[in-house]
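> can you look at this prediction? I've put the sequence above it.
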Amino acid sequence: MSGEWNEARAAAALRAMYEAGVRAADPLAVLAAHLPEPPRAGRVVVVGVGKAAAKMAQAVEAAWADLPLTGLVIAPHGAELPLSRIALRFGAHPVPDAAGAAAAREMLGLLRGLTEHDLVLALVSGGGSALATLPAEGLSLEDLIATNRALLASGAGIHAMNCIRKHLSAFSGGRLALAAHPARVVTLAISDVPGDDPEVIASGPTVADPTSFAEARALAAHHRLDLPATVAAHLAAAREETPKPGDPRLARAEFRLIATPMMALRAMAEAARGLGLSPLILGDALEGEARHVGTALAGIALSARRHGLPLAPPCVLLSGGETTVTLAPGAEGRGGRNSETLLGLALALNGAPGIWALCADTDGIDGRSEAAGAWCGPATLAAARAAGLDPRAALAAHRSLDVFEAAGGAIVTGPTLTNVNDMRAILVAEA
């Protein structure tokens, strides 16, 4: 009944659904079932990049407790977990650093001299593009950092960003698998991208790349990127293309998805049923400017509340994907795409009764903040205004997290060491 839903209960329910989604992508729970048979003869070398790399490596060591292993994974700074046979290195995200570049170079070195009898187990998850940023010949790390900053501020989608980054890299776009040739390469991946496209997850270090230098140049022009002269010259020269589908050097490369956004959304839906709510998954690949996606989701929630469509309350509307934030000139921002989506939603709802929502990143970090995201309800905007904040001005300045902190809605989990992108849940009570 509608009277049973209040702010405390709704907030607890939303948090429980989010946590169920994160658990569904926990490498310690899902990875072992996807491991290949170890080779009868030959070495096993484990390599990995991404926000989940450390926990994925930990899961491999636990599952293959008696198997001789060597290898190296690159995780974000601070993602320290005990590993006994696989070396753990660190890099920065979203802006790369020298430590990550050095670790990527070290990883490529580990793969030299392998034979067809050897197995390379590649552990790939979102964030790998930045963590293992290794400049192509003729480029510097500073060139790639400048390009990455321009991409992050441009509003470009993940497909466009990765197309450009792969053509500036000595590591991404299938080049890690090339370094392992002729060994067998089995990739276990956690997807954080709309559509679960293997060549987009962490810029596809072990899979063929269908994009081209020409496409990278066109995307850079479309998004009006202010690129360093060396980067523009590199894209124009187009000297060494990434390996394309059908390349015989990738014939022994396999790719297995072990966790995806849809798996997490289904886990959230199951948690919702346990809370007495009817779930509806709107999709796992919602994209667009964050505040506009929030406005659209608010419209669906209001329709459910007023008309019982697309689902009668009490219900929860679930969605995943990756929105974008186009920064205003000079804006530093505080928050990320999740809190910005949520603030767009809250402003569109304008305190409408009986609707609560959560938007959070499953990796535990939402953009430029220490929060995973936030939740809101009918009293959120009033609470922020009572604290002296103007929510619309905060949205314009990309300081969405300020609003939710003032209203007590920020969600702080710390790094979860997995990543299946953003999760959104809108709880609609009966009128």
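Yes, it's here.

> what comes up buried for stretch 181-197?
For stretch 181-197, the neighbour count (16 or more other Cβ atoms under 10 Å) marks 181, 183-194, 196 as buried. In short, each C-beta sits where N, CA and C put it, glycine included.

> quick one: distance of it to the chain centre.
A distance of 14 Å separates the centroid of the chain from that of stretch 181-197, by Cα atoms, centre = their mean, to the nearest Å.

> what about it, start to end distance?
23 Å (Cα to Cα, to the nearest Å).

> again with stretch 370-380
Span of stretch 370-380 from end to end, Cα to Cα: 20 Å.

> ok so, going back, among the buried residues of stretch 181-197, which are in strands?
Using DSSP state E, the members of the buried residues of stretch 181-197 that fall within strands are 184-190.

> would you map the strands across the stretch 301-431 of the chain?
315-321, 355-361, 373-376, 410-411, 422-428 (DSSP state E, counting those that start in this stretch).

> kindly report the same for the stretch 101-250 of the chain.
Counting by DSSP E, counting those that start in this stretch, the strands of the stretch 101-250 of the chain are 119-125, 184-190.

> returning to that earlier point: can you list the ones in strands among the buried residues of stretch 181-197 in CSV and add distance to L225 and pLDDT?
Listed next are these as CSV, based on distance: Cβ to Cβ, whole Å; pLDDT from 0 to 100:
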residue, distance to L225, pLDDT
R184, 38, 97
V185, 32, 98
V186, 35, 98
T187, 30, 98
L188, 33, 98
A189, 28, 98
I190, 29, 98
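
> which one of those residues is nearest N350?
I190 (37.2 Å; Cβ to Cβ).

> contacts only, for that closest one.
By Cβ atoms under 8 Å, 6 or more residues apart in numbering, the contact list for I190 reads 25, 27, 50, 52, 56, 124-126, 201, 257-260, 418-420.

> re earlier: show me which of the ones in strands among the buried residues of stretch 181-197 is closest to L111.
V185 (9.2 Å).

> contacting residues for that closest one?
119-120, 122, 177, 206, 250, 252-254.

> can you name the two of those that are farthest apart?
L119 and L250 (15.3 Å).

> about what we covered before: mind putting the strands of the stretch 301-431 of the chain into CSV with mean pLDDT, mean neighbour count and distance to L347?
Formatted as CSV, those follow (pLDDT from 0 to 100; neighbours: other Cβ atoms under 10 Å; distance: least, Cβ to Cβ, whole Å):
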stretch, mean pLDDT, mean neighbour count, distance to L347
strand 315-321, 97, 24, 18
strand 355-361, 98, 29, 12
strand 373-376, 98, 30, 10
strand 410-411, 98, 22, 17
strand 422-428, 97, 28, 14
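
> which among those strands is found nearest to T230?
Of those, nearest to T230 by Cβ to Cβ is strand 355-361, at 32.7 Å.

> what's the closest one packed up against?
helix 7-23, helix 290-307, helix 337-349, strand 373-376, strand 422-428 (3 or more Cβ pairs under 8 Å, 6 or more residues apart in numbering; DSSP states H and E).

> please repeat the previous calculation with a cut-off of 10 Å.
Judged by 3 or more Cβ pairs under 10 Å, 6 or more residues apart in numbering; DSSP states H and E, the packing partners of strand 355-361 are helix 7-23, helix 290-307, strand 315-321, helix 337-349, strand 373-376, strand 410-411, strand 422-428.

> partner strands of that strand, parallel or antiparallel?
Strand 355-361 has its sheet partners listed here by DSSP bridges as strand 373-376 (antiparallel), strand 422-428 (antiparallel).

> just so I know, which of those strands lies nearest S400?
strand 373-376 (7.8 Å).

> so how far is the closest one off the chain centroid?
The answer for strand 373-376 is 18 Å, by Cα atoms, centre = their mean.

> do stretch 131-151 as well
For stretch 131-151, the distance to the chain centre is 20 Å (Cα atoms, centre = their mean).

> do stretch 230-242 as well
27 Å.

> please point out which parts of that stretch sit buried.
Quick answer for stretch 230-242 (16+ other Cβ under 10 Å): 230-232, 234-235, 242.

> could you do stretch 97-111 as well?
Buried residues in stretch 97-111 (16+ other Cβ under 10 Å): 97, 100-101, 103-104, 107-108, 110-111.

> taking these, tell me the two that lie furthest apart.
D97 and L111, at 22.4 Å, using Cβ to Cβ across those.

> closest to L131 among the ones in strands among the buried residues of stretch 181-197?
Using Cβ to Cβ, these come closest to L131 at I190, 13.7 Å.

> distance of H234 from R149?
According to Cβ to Cβ, to the nearest Å, H234 stands 17 Å off from R149.

> how far off centre is the longest strand seen in the chain?
Longest strand in the chain, counting residues (DSSP E): strand 278-286. Relative to its chain's centre, strand 278-286 lies at 18 Å (Cα atoms, centre = their mean).

> what's that strand packed up against?
Using 3+ Cβ pairs under 10 Å, 6+ apart, strand 278-286 sits against helix 261-274, helix 290-307, strand 315-321, strand 422-428.

> only alpha carbons, please: show the longest one as PDB.
In other words, helix 290-307. In PDB, the C-alpha atoms belonging to helix 290-307 read as follows (Å, rounded to 0.1, in the frame of the first residue of the first chain):
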ATOM      1  CA  ALA A 290      22.900  12.700 -18.400                       C
ATOM      2  CA  ARG A 291      20.400  15.500 -17.400                       C
ATOM      3  CA  HIS A 292      18.200  14.800 -20.400                       C
ATOM      4  CA  VAL A 293      18.100  11.000 -19.700                       C
ATOM      5  CA  GLY A 294      17.000  12.000 -16.100                       C
ATOM      6  CA  THR A 295      14.200  14.100 -17.500                       C
ATOM      7  CA  ALA A 296      13.000  11.300 -19.700                       C
ATOM      8  CA  LEU A 297      13.100   8.800 -16.900                       C
ATOM      9  CA  ALA A 298      11.100  11.200 -14.700                       C
ATOM     10  CA  GLY A 299       8.400  11.300 -17.400                       C
ATOM     11  CA  ILE A 300       8.100   7.500 -17.400                       C
ATOM     12  CA  ALA A 301       7.900   7.400 -13.500                       C
ATOM     13  CA  LEU A 302       5.100  10.000 -13.500                       C
ATOM     14  CA  SER A 303       3.200   8.000 -16.100                       C
ATOM     15  CA  ALA A 304       3.500   4.900 -13.900                       C
ATOM     16  CA  ARG A 305       2.300   6.800 -10.800                       C
ATOM     17  CA  ARG A 306      -0.600   8.600 -12.500                       C
ATOM     18  CA  HIS A 307      -1.700   6.100 -15.200                       C
END
